[in-house]
Each structure stands twice: as structure tokens, then as C-alpha cells.
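In: I'd like to go over a predicted model; first the sequence, then the structure.
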Amino acid sequence: MPGDTIEGGGVARPSPATVAAACPLGTERLAAWVAGLRWVDLPPAVRDAAPYFLLDYLGNAIGGSRAESSAAMGRFLRGLGLAGAATAIASELRLPPQYAALWNGQAAHCLESDDTHQASSSHPGASVWSAALAAGELTSASRERVFTAAVAGYEVVGRLGAALGPAQHYARGFHPTGTCGALGCAAVAANLLGLDGAATANAFGIALSQGAGSMEFLSGGAWTKRFHPGWAAHSGLLAALLAREGFTGPRAAIEGKDGFLRSYSDAPRAELVLHALGSDFQILRTSIKAHACCRYKQAPIDGLLALVRQHRLAPSDVARITIGVLGAGFGIIAEPRAQKLAPQSVVDAQFSMPYGAAVALLHGRASIREYAPEVLGDPAVRHEMEKVVCVRDAALDARFPRQWPAWTEVETSDGRRLRAAIDYPKGDPENPLSDDELAAKFEELCGTTLDGARRRAIIAAVRDPDATRPIADLTRLLGRG
């Protein structure tokens, strides 16, 4: 981080780290850092990461805008009769910012192909960018201001989720994308609205009473998981707008007796909220999915595809597939086995390890094409799913959540045992998608929604090296009509 003071506009001001260190409470210290964060505070790698993750978000939001759940959300929003100036991505709607954020956040999570923060097991981009674009339009912000606020959002989502502990948070039945996302989006909006540290702390406190997201969606393929990042973005914007008007929230929203950490985890590690704040940026610890399904399925699918390609395996060559699955994800993608072998909806398939392995074996990929309603009932897919067995492995769990490893073993019909171990699945910070690979993913996600000229224009606008341009230069390309 920069030194003790930053020169700007002829006025020396304390750096965010200096201000944060002077605040006595964790909530207030984090709020002060968020309020003070500026583009000049961000290292070059973080500046480069912001448009990279924005492009991935936009591909997911544009593609997800055509999902059945998005159609229902669109009918709801039209029925409200609201009018505003904020862009609802890939829609003709112009909405108040908090409702545009709701639309965009739910759309961005529909395809189950959005980014994942490693240590928190959360999907920050779907909520953070939804809040950032809406608040950026509200404030007529530049791209660099929107990027800066989004980085602050990734920090808050990632740090809070890591402090909760993914396994502990899941054990209580909560989805970190929704719970942590509300406070992260409050940080985004507070930064763009220019709130000071005290008002930002109030925004955290207001968001605390809105953070939600139940894992019960797993029991029946419900659409509520898709709702979580949209609601988080809506809640964060609402919290910051209320705080701007002087509405107050609890001062110790994060660390208080009934605050965020104690409410959502049995074993929180509060020290992780502020550890290396301003030097260890969480956006750099976030992965982008190479496959259109749950993050816990990424490494196993990578392993299976590696074996298929290396040994030129056809489905008829494979007698059994055994997959070592992380314990934190076992109840999400592997159990109950009977349910995972009989997905009834796209959501069910997105969270079924046997389904992901079967389509990868049959089609050599697990993209949005394979997670389509017409593929669910394919008898060939159902046949291959029966070959898949998931097991727990304590050695994998010992490396989680810093790593999300897995191993895949194939027993062939002629008696061979082939094994692949994946430490860093494709898309991890240690094994990232190249710029070209990311652009190809963007094209695939929204190729049936926008024409080629519009897609190319969006990529160019996101990657424009002049970060001082207004965010409106991008958002005007994102609507429809």
C-alpha cells in the first residue's frame, strides 16, 4: 500500500491503512478502509484484475438473462411499474438502481458459471458487480471509481466468508454468496456514494439485518440460489442509500455479540477480517469457472477430462469413475446419492457430481450446452452417471479452502486403473484462463443473446485502457432496445 499520506488535489490525506489502524472496532476499521480506498491505492495486478473479472460477470449476466428464472424476475419487475435510470442487463428495463442490481445479480448467477472466492466459498462477482454498475450509474462514476468500489466489495465478501469458515457456514444452512454479499455490496455502494467511515459502518449494520441465503435450494432444484446475489446487491445498495440519509446501524455489526460472525458461524476466525488488509487483495484469490456448474465439481471434471484425453477413452472403455470430493462440498454435489443420480432440473444437474462426470465423459466438456433441459433426460447421460462414485478424502480436506483439490480415478473395462490429481483446477489464480480463453467463454455464454458486433464492442469497452472514461460508455451497450 502507499505510505502514510496520499497526495490528491493538492491536499494530503491519510492512506486507508493509516485511517483503519486508528479505529478501535473491527467494523469501524474495515469501514474506514472501504471509505478511503481509491484507484491510486490499488497495485497494478489488482487494477488489471478488475476488468478481467468484470468481463466474466457480464458474460454470465447476459447469458443468464434468458433463463426461466430471469423471465419470472422480469415479469415481477415489470409488474411493479417502476421507472429509473439504471440498466437491467440484456433487458429493455430501466430501473431504480437497487432493482437493476436485483435483476443483474440474479441473472449473473443463473448459469452457475460465475467466479468463486477460494477461502470463503462464495461467488462475489455476481453481487459485487451488480451493485457497482448500478451505483456507478447513479453517481455518474468513472470506470476507475467503479473498479475501485468493486475491489472493496471483493475484499469484504472474501474476508467475511473466510472468517466464517465455509464448512461452518454451510453447516448452519447458509449460502455465503447471499450473507457475505449483502455487506460486500454495502461496501461497494458506500464507496461510490462517497460515504465516510462512520456512514459506511452504518451501512454494514443495516446490511447485517438483510443478509440471507438458505442452502435449502438443494433439496428440490429451486431457483432461490440464483436470487441470493441479486438480493445481496439490492440490500447493499439500500443499506448505503439509507446510511447516506443518516439512518443508523449497530456499530459492531461484524464482531458484536449478535453480529455477523457469531450469527453465521459456530467457529468464526475474526482475525481474518482485517489480516493483511490493503496488501492481500481478495480479488486476486478468486477463481473463474471453466465449467458451468458448482465450484466443487471443477477439479473432478478437470481430472476426468485429462484422463479421457490422455488415454483416448470412449464411454464404453470406462467401467467405473471414483472421485475424491472435498468434505465441504460432499453434501452439495455427492449426497444424497439417489437424488444426485436423478436430477430433475438444471439446478439439480449443476449440483450433481455424477451428472457433471457423465456429460464430461460423453461430450468432452461440461459447458452451458451440457447443462440444458434437453440433456437432462438423455438415457446415455443417465447410464454414465451410474458409473460414478464419490468418496471423501481427509488429505484433500487438509488443503481446503486455500486449495480446492480433487482426484479422479477411472477403472477401464479392460482392468486398468487410471488416476489424475488436480491441485488447481482451470480458472484458479494459479491456473488462470488466458485473456483469449476468457473472451471465448464470454462469447459462448452470451452468443445466443447478443450479436457479434455488440459482443465485440462490450469486450473492447471493458478492456479499454483508459479507466477515466465514464462507466456509462459501457452500460449503454448492455441494455436491449
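Out: Everything's here; your move. Predicted model, so just to flag it, every value in this text is computed and none were measured.
In: ok, the closest residue to G213 other than its chain neighbours - contacts?
Out: Leaving aside its sequence neighbours, G213 sits nearest to G178 (C-beta to C-beta, 6 or more residues apart in numbering; 2.2 Å). From N, CA and C alone the C-beta is placed, and that goes for glycine too. Shown in contact with G178 (C-beta atoms under 8 Å, 6 or more residues apart in numbering): G211, A212, G213, H228, P229, W231, A232.
In: just those residues: which are in helices?
Out: H228, P229, W231, A232 (DSSP state H).
In: please check these and keep the buried ones.
Out: Among the ones in helices among the contacts of G178, those scoring as buried are H228, P229, W231, A232 (criterion: 16 or more other C-beta atoms under 10 Å).
In: and of those, the nearest to A50?
Out: P229 (17.9 Å; C-beta to C-beta).
In: spit out the contact partners of that closest one.
Out: So P229 contacts G105, Q106, A108, H109, H123, A126, S127, S130, T177, G178, G181 (C-beta under 8 Å, 6+ apart).
In: can you pick out the most distant pair from the buried ones among the ones in helices among the contacts of G178?
Out: The span of those, defined through C-beta to C-beta, is set by P229 and W231 at 7.4 Å.
In: joint contacts of these two?
Out: G105, Q106, G178.
In: any stretches of this protein with poor pLDDT?
Out: 1-24, 481 (pLDDT under 70).
In: which residue packs closest to E411, ignoring adjacent ones?
Out: R320 (4.2 Å).
In: that neighbour is in contact with T408, isn't it?
Out: No: R320 is not in contact with T408 according to C-beta atoms under 8 Å; the separation is 11.2 Å.
In: quick one on the thing from earlier: for the ones in helices among the contacts of G178, which one is nearest D397?
Out: Closest to D397, out of all of these and judged by C-beta to C-beta, is H228, at 25.2 Å.
In: in terms of contact, does that closest one touch T177 like I think?
Out: Yes: if you go by C-beta under 8 Å, H228 and T177 touch, sitting 5.1 Å apart.
In: any residues in contact with both of the two?
Out: H109, S127, G213.
In: who wins on neighbours among the residues you listed?
Out: Across the shared contacts of H228 and T177, the neighbour count under other C-beta atoms under 10 Å reaches its highest value at S127, namely 37 neighbours.
In: check contacts around it.
Out: S127 touches 105, 153, 157, 177, 181-182, 184-185, 228-230, 232-233, 236, counting by C-beta under 8 Å, 6+ apart.
In: coming back round to it: the more surrounded of R320 and T408?
Out: The residue with more neighbours, out of R320 and T408, is T408; 26 against 14, by other C-beta under 10 Å.
In: and the residue of the chain most remote from its centre, how far from E386?
Out: Relative to the C-alpha centroid of the chain, counting by C-alpha atoms, centre = their mean, D414 is the outermost residue, at 41.9 Å. Distance, D414 to E386, using C-beta to C-beta, to the nearest Å: 19 Å.
In: coming back round to it: now, which of the shared contacts of H228 and T177 sits nearest H311?
Out: H109 (35.5 Å).
In: these two touch, right, the closest one and G230?
Out: Yes: at 7.4 Å, H109 and G230 qualify as touching, with contact defined as C-beta under 8 Å.
In: anything in contact with each of these two?
Out: A126.
In: helix or strand: which one has A132?
Out: helix 124-138 (DSSP states H and E).
In: list the helices and strands the next helix or strand after that helix packs on?
Out: Using DSSP H and E, the helix or strand that follows helix 124-138 in sequence is helix 143-164. Secondary-structure packing of helix 143-164 (3 or more C-beta pairs under 8 Å, 6 or more residues apart in numbering; DSSP states H and E): helix 26-36, helix 44-64, strand 116-117, helix 124-138, helix 176-193, helix 260-264.
In: burial count for the closest residue to the residue farthest from the centre of the chain other than its chain neighbours?
Out: Excluding the flanking residues, the one nearest D414 by C-beta to C-beta, 6+ apart is D317, at 7.7 Å. Neighbours of D317 under the rule other C-beta under 10 Å: 16.
In: check G205 too.
Out: So G205, with other C-beta under 10 Å, has 26 neighbours.
In: and for the one 4 residues further on?
Out: Using other C-beta under 10 Å, the number of residues around S209 comes to 13.
In: list the residues that contact it.
Out: With C-beta under 8 Å, 6+ apart, S209 has these contacts: G249.
In: please name the nearest non-neighbouring residue to the residue most central in space within the chain.
Out: In the chain, the centroid-proximal residue (C-alpha atoms, centre = their mean) is H123; its distance is 2.1 Å. What sits nearest to H123 in space, not counting adjacent residues and going by C-beta to C-beta, 6+ apart, is T177, at 4.5 Å.
In: hmm, the one you found is touching G213, no?
Out: Yes: here T177 lies in contact with G213, judged by C-beta under 8 Å, at a distance of 6.2 Å.
In: shared neighbours, these two?
Out: Common neighbours of T177 and G213 (C-beta under 8 Å, 6+ apart) are K225, H228, A232.
In: check the gap between Q350 and L274 for me.
Out: Relative to L274, and taking C-beta to C-beta, Q350 is found at 34 Å.
In: R416 too?
Out: From R416 to L274 the distance is 51 Å (C-beta to C-beta).
In: more crowded one of those two?
Out: L274 (18 against 12).
In: and G84, what does it touch?
Out: R94, L95, P96, P97, Y99, A100.
In: and the fourth one, how many residues sit next to it?
Out: As a burial measure, P97 scores 26 neighbours (other C-beta under 10 Å).
In: surely it and E137 touch.
Out: Yes: using C-beta under 8 Å, P97 is in contact with E137, at 6.6 Å.
In: give me the common contacts of these two.
Out: A85, A86.
In: I'd say L54 and V462 touch.
Out: Yes: assessed by C-beta under 8 Å, L54 is found in contact with V462 at 5.5 Å.
In: re earlier: can you redo the shared contacts of P229 and W231 as JSON lines with distance to Y264?
Out: Below are these laid out as JSON lines (distance: C-beta to C-beta, whole Å):
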{"residue": "G105", "distance to Y264": "20"}
{"residue": "Q106", "distance to Y264": "22"}
{"residue": "G178", "distance to Y264": "11"}
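In: circling back: give me the number of neighbouring residues for the residue nearest to H123.
Out: Neighbours of T177 (other C-beta under 10 Å): 30.
In: wait, what's in contact with it?
Out: So T177 contacts H109, S122, H123, P124, A126, S127, G213, K225, H228, P229, A232 (C-beta under 8 Å, 6+ apart).
In: distance of it from T224?
Out: 11 Å.
In: then I333?
Out: 18 Å.
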